[in-house]
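**Q** Here you go, sequence then predicted model.
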Amino acid sequence: MARRLPRLIGRLIRLGWRANPRDLLITIVFNLVSGVFTAFGLLATTKVLTALFAAGPTPERVRGAAPALFMVGAAIALRASCTLIAQWAQMRLRPQIQRLVELRLYEATTAIDLAALDDSDHQDALQRARIRGVESASEMTDDAVDIGTAGISVAAAAGTLGVLHPALLPLLLLTAVPEAWAAIRSARICYIAQMSLVEVRRRSWIMAELMTERRQAAEIRSFTMRPFLLRRYGQLADHIREVMLDVARRRTGTQLLGDVLRGVATVTLYVVLGLMLWGAVMPLAVAGTAVLAIRTSQASLLTLVHALNRCYEHGLYFQDYIDYCAMAEQSVAVDPASLKPATTANATPRTPLAADEPAPATGDPLGNAGSHNELHLNALLRFRQITATGITFTYPGADAPALRDVSVRLGRGEVVALVGENGSGKTTLAKVLAALYRPDKGDIHWDDQNAWDLDLHLLRQAVAVIAQDHTRWPMSAGDNIAMGDDLTDARIQARTDAAAAAAGADEVLAGLPHGTQTLLDRRFADGVDLSGGQWQRLAAARGFYRNAPLLICDEPTAALDAKAEHRMFEQIRTHAREHRRTVLLITHRLSNARLADQIYVLANGSLIDHGTHQDLMNRHGLYADLYTLQASAFGQPT
Ligand SMILES: Nc1ncnc2c1ncn2[C@@H]1O[C@H](COP(=O)(O)OP(=O)(O)OP(=O)(O)O)[C@@H](O)[C@H]1O
C-alpha cells in the first residue's frame, strides 16, 4: 500500500492537472488551508479548556476563556468557508477527470486489434477497466482529498497531544493499528472476490441484455425461452450472491476483530492516562484537554485510515484501468494519437478519394491531411495488385487454424469470388485481407509494399467492407451511409445519394418519414426500424459511399429479394468495371460467382482450387459439385 498509493495519487494529480489545473489547485490549496484551520481550532479549544479548568471563580475563568473561544469560532467559520470552496472545485474536477479517463479507454478500445476482442482474458480485463476502473478515478479524487484533510487533522491533534505529554502519542497510534489492519484486509477480501466474479458478471450482463433488449424480444417469446433464460440468469445470480454473502461474513469477522483490538488499545490508553492523573504526573486541566485531543485524534485517525483504505481499494481498480489502457495502447499497431477522433472543428471525411478522382486542394472538405500520409495513401489508392501469400491464421484461443497456407491474388479492376461451404474460412480471409486480423504466417502485399509495414489507418481507408454481420447503427439513415461525414455539405449529400442509388437504398430512404435524417432506432422517440433487406441495402450503400479501390462484399445479398439481388450484383460489377475498383465477393450464390474474373474455392481453411468458372467446371471438383447442385435446383443449364 505504501508503495502503490503515492504512485497512484501522483498519477491522479497529473490527471487532475490535465483535466483542469485551476480546479486542481483550488481543491488542494483550500483543503490544506481548511485542515490548518482545523488544527488551529483544536489548539484554541485546548486554550479554552485550560482557562476553564484553571483555579479561581467561574466568571473569571469564563472571561479568561473568551478570547480563545472567539478564536475557535473564527477557526470554524474560516474552515467552513475553505471547505465550501474546496468542495466546489472538487465537484467541478470530478466530471472533468471522468471524461479524460473514459475517453482514454474508448480511444484504446476502438483502436485495439480485432483479435484481442476475441480473447476472453482480454474481455475480462476490459470489463474490469470499464466497469470499476473508470469510475474509480473520480472516487480516488475524493479519497485523496480526504487523506490530505484527515492527515492534517491527525497531525494537529497528535501534535497537541504530544505537547501535553509525549508518552500518550505512541499509545494513540497503537489504537489506530487494529483499525488500519481490519480496513485493509477487508478491502482486499472485497477486491479478490470482485476479481473472481468478473467473468460471471460478464455472463450475467450478457444474459440481462438478452432479456431486456428489443432485438431478441420476439425470439424469446416465439421460442418460449423465458424460463430457460431466467434459470440461467438465476444460476449466475445465485453464484454472485453466495460469493458476496461470504464476503460480508468475512468482512464482518475482520471488522469485529479490529474493533476488539482497538477497544483494548483505547482502554490501555485511558488506563495510562488515569495512572498519570493518579500519580500526579499530569494536572486535571491537562488531562481534560488530553481526553479531548485523544477523541479528536481517534476520530481523525479513523477518517484517515478509512480514506486510505478506500483509496487503496479504488486504487486497485484504478490500477486495472491503467494496466488495461497501457496494454491496449502498446498493442495498437499505430500511434493511438493518430486514431484520436477528430473534433467537429477539424473533422475531415474519413473517406478517401479514389485513384480516378482528382486530388483535392488543401483544405478541401474531401481532402486528406498531411503530405507524407497523402503520398502513401495515393500509392495505396492506385495499387495494381494485392497478393496474399501463404496465409495461416488462428483465432485467439482456438485449437485449429481458420486459414492454412492460403494464397490469393486480387488484380486491379477484377471481381474475385471466394466460395466454399459454411465455416470454410471465407470471412476470415476477407478480414485478414482488410488488415483487421494479422496472420500468424504469410504476407500481404499491396504491389510491393507489405501491408503490415504500412500505416494501418491509411490502409483501412483504401478498403471498404460490406460485412455479412453489418452493424445497424442507431443513428440517422444518412449517417448510416456517410458514417460521420458532414451531411450538411452538399457534396457529401450528393455522394450519399449516389451511393444509396447504387445499392438500391434510395427507395428505402424515400419511404422514411424524414428521409436521410430519420433516426433508425425504435428505442428513441420518432425512431423507426427497417426490414433485414432494407438494412442490408444501407450497409451496401455504406460500402459504395466509401469509394475505396478495394471493396469487400461478404454475402451482400443474403437478405435481398430476387430483383434487388440481381441489381446489387450488376452494381458490384459496374463498380469494378467502370471505376476500376477491385471487388472481393463472398457468396453462396454461385450463379453470381460464375461471372467473377477469378474464383477461389476454400474448404476447411485451405485453398483447394482456383480459376475461372469454366476452369473449375472442367476440373469437376467441389465447385462443380456445388454449382451443379444449385443449378439443378433452379433448372439452369450448367
Ligand atoms: N471470432 C472468432 N473466434 C474464433 N473462431 C472463429 C471466429 N470467427 C470465425 N471462427 C471460426 O473460424 C472458422 C472460419 O469461419 P468463417 O467465418 O471465416 O467461415 P465462412 O467461410 O465465412 O463461413 P460462412 O459461409 O458460414 O459465412 C469457423 O470454424 C469459425 O467457427
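**A** All right, it came through fine.

**Q** Report the closest residue of the stretch 1-150 of the chain relative to the ligand.
**A** When scored by Cβ to the nearest ligand atom, the stretch 1-150 of the chain has residue 118 as its residue closest to the ligand, at 4.3 Å. Bear in mind the C-beta positions are built from the backbone N, C-alpha and C, glycine included.

**Q** Pull the contacting residues for the residue in the stretch 251-400 of the chain that the ligand sits nearest to.
**A** With Cβ to the nearest ligand atom, the shortest gap between the stretch 251-400 of the chain and the ligand falls at residue 395, namely 3.3 Å. In this structure, residue 395 makes contact with 115, 118, 402, 428, judged by Cβ atoms under 8 Å, 6 or more residues apart in numbering.

**Q** From those, which land in helices?
**A** Among those, the ones falling in helices (DSSP state H) are 115, 428.

**Q** Redo the contacts of residue 395 as a markdown table? Include pLDDT and neighbour count.
**A** As requested, the contacts of residue 395 are arranged in a markdown table below (pLDDT from 0 to 100; neighbours: other Cβ atoms under 10 Å):
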| residue | pLDDT | neighbour count |
| --- | --- | --- |
| 115 | 84 | 18 |
| 118 | 83 | 14 |
| 402 | 95 | 21 |
| 428 | 95 | 23 |
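
**Q** Tell me the one among the contacts of residue 395 nearest to residue 594.
**A** Checking the contacts of residue 395 against residue 594 with Cβ to Cβ, the nearest one is residue 428 at 23.5 Å.

**Q** Next, the contact list for that closest one, please.
**A** Residue 428 neighbours (Cβ under 8 Å, 6+ apart): 393, 395, 402, 403, 437, 605.

**Q** residue ranges with poor pLDDT in this structure?
**A** Counting by pLDDT under 70, the chain contains low-confidence ranges at 1, 285, 333-375, 634-638.

**Q** which bits of it sit near the ligand?
**A** Residues of the chain that fall close to the ligand, judged by Cβ under 6 Å from any ligand atom: 118, 395, 398, 402, 420, 422-428, 468.

**Q** Do you have the strands of the stretch 451-600 of the chain handy? List them.
**A** Applying DSSP state E, counting those that start in this stretch to the stretch 451-600 of the chain gives strands spanning 463-466, 550-554, 582-586, 598-603.

**Q** Mean neighbour count and distance to residue 156 added to the ones you listed, as JSON lines?
**A** Converted to JSON lines, the strands of the stretch 451-600 of the chain look like this (neighbours: other Cβ atoms under 10 Å; distance: least, Cβ to Cβ, whole Å):
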{"stretch": "strand 463-466", "mean neighbour count": "24", "distance to residue 156": "65"}
{"stretch": "strand 550-554", "mean neighbour count": "25", "distance to residue 156": "69"}
{"stretch": "strand 582-586", "mean neighbour count": "25", "distance to residue 156": "73"}
{"stretch": "strand 598-603", "mean neighbour count": "23", "distance to residue 156": "76"}
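
**Q** Of all the ones you listed, which one is nearest residue 279?
**A** The closest of the strands of the stretch 451-600 of the chain to residue 279 is strand 463-466. By Cβ to Cβ, the value is 87.2 Å.

**Q** Kindly spell out which helices and strands sit in contact with that closest one.
**A** When contacts are defined as 3 or more Cβ pairs under 8 Å, 6 or more residues apart in numbering; DSSP states H and E, strand 463-466 sits against helix 532-546, strand 550-554.

**Q** could you check the angle helix 532-546 makes with the shortest one?
**A** Taking axes from the mean of the first three to the mean of the last three Cα atoms, to 10 degrees, one finds strand 550-554 and helix 532-546 inclined to each other by 170 degrees.

**Q** Burial check on residue 180, number of neighbours?
**A** Counted with other Cβ atoms under 10 Å, the neighbours of residue 180 add up to 20.

**Q** Return the residues in contact with it.
**A** Taking Cβ under 8 Å, 6+ apart as the definition, contacts of residue 180 comprise 305, 308, 309.

**Q** Provide a list of residues in contact with the second one.
**A** Contact partners of residue 308, counting by Cβ under 8 Å, 6+ apart, are 1, 5, 143, 147, 180, 183.

**Q** Let me know the helix or strand that the fifth one is in.
**A** Element membership of residue 180 [criterion: DSSP states H and E] is helix 168-196.

**Q** thinking again about what came up before, report the contact partners of the residue of the stretch 1-150 of the chain closest to the ligand.
**A** With contact taken as Cβ under 8 Å, 6+ apart, residue 118 is in contact with 395, 396, 397.

**Q** does the first one sit in a helix, a strand or a coil?
**A** With DSSP: H, G, I helix; E, B strand; the rest coil as the basis, the three-state label of residue 395 is coil.

**Q** tell me the phi and psi of it?
**A** Here the main-chain torsion angles of residue 395 (degrees, to the nearest 10) amount to phi -70, psi 150.

**Q** swap in the second one?
**A** The phi/psi pair for residue 396 (degrees, to the nearest 10) reads phi -60, psi 130.

**Q** so it touches residue 119, yeah?
**A** Yes: the pair residue 396 / residue 119 is scored as a contact, 4.0 Å apart, by Cβ atoms under 8 Å.

**Q** thinking again about what came up before, columns secondary structure on top of the contacts of residue 180, output as a markdown table?
**A** Putting the contacts of residue 180 into a markdown table (three-state DSSP) gives the following:
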| residue | secondary structure |
| --- | --- |
| 305 | helix |
| 308 | helix |
| 309 | helix |
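
**Q** Could you point out which of those residues is nearest to residue 225?
**A** Within the contacts of residue 180, distances to residue 225 taken as Cβ to Cβ reach their minimum at residue 309, with 44.0 Å.

**Q** so what's that closest one closest to, chain neighbours aside?
**A** Taking Cβ to Cβ, 6 or more residues apart in numbering, and ignoring the residues beside it in sequence, residue 309 has residue 183 as its nearest neighbour in space, at 3.7 Å.

**Q** Looking at the stretch 151-300 of the chain, which residue is nearest the ligand?
**A** Of all residues in the stretch 151-300 of the chain, residue 206 sits closest to the ligand, with a separation of 15.7 Å (Cβ to the nearest ligand atom).

**Q** For that residue, grab the count of nearby residues.
**A** The number of residues packed near residue 206 is 13, by other Cβ under 10 Å.

**Q** just the one 3 residues further on next, same as before
**A** The local packing count at residue 209 equals 11, with neighbours defined by other Cβ under 10 Å.

**Q** and it, what element?
**A** Under DSSP H and E, the secondary-structure element containing residue 209 is helix 198-212.
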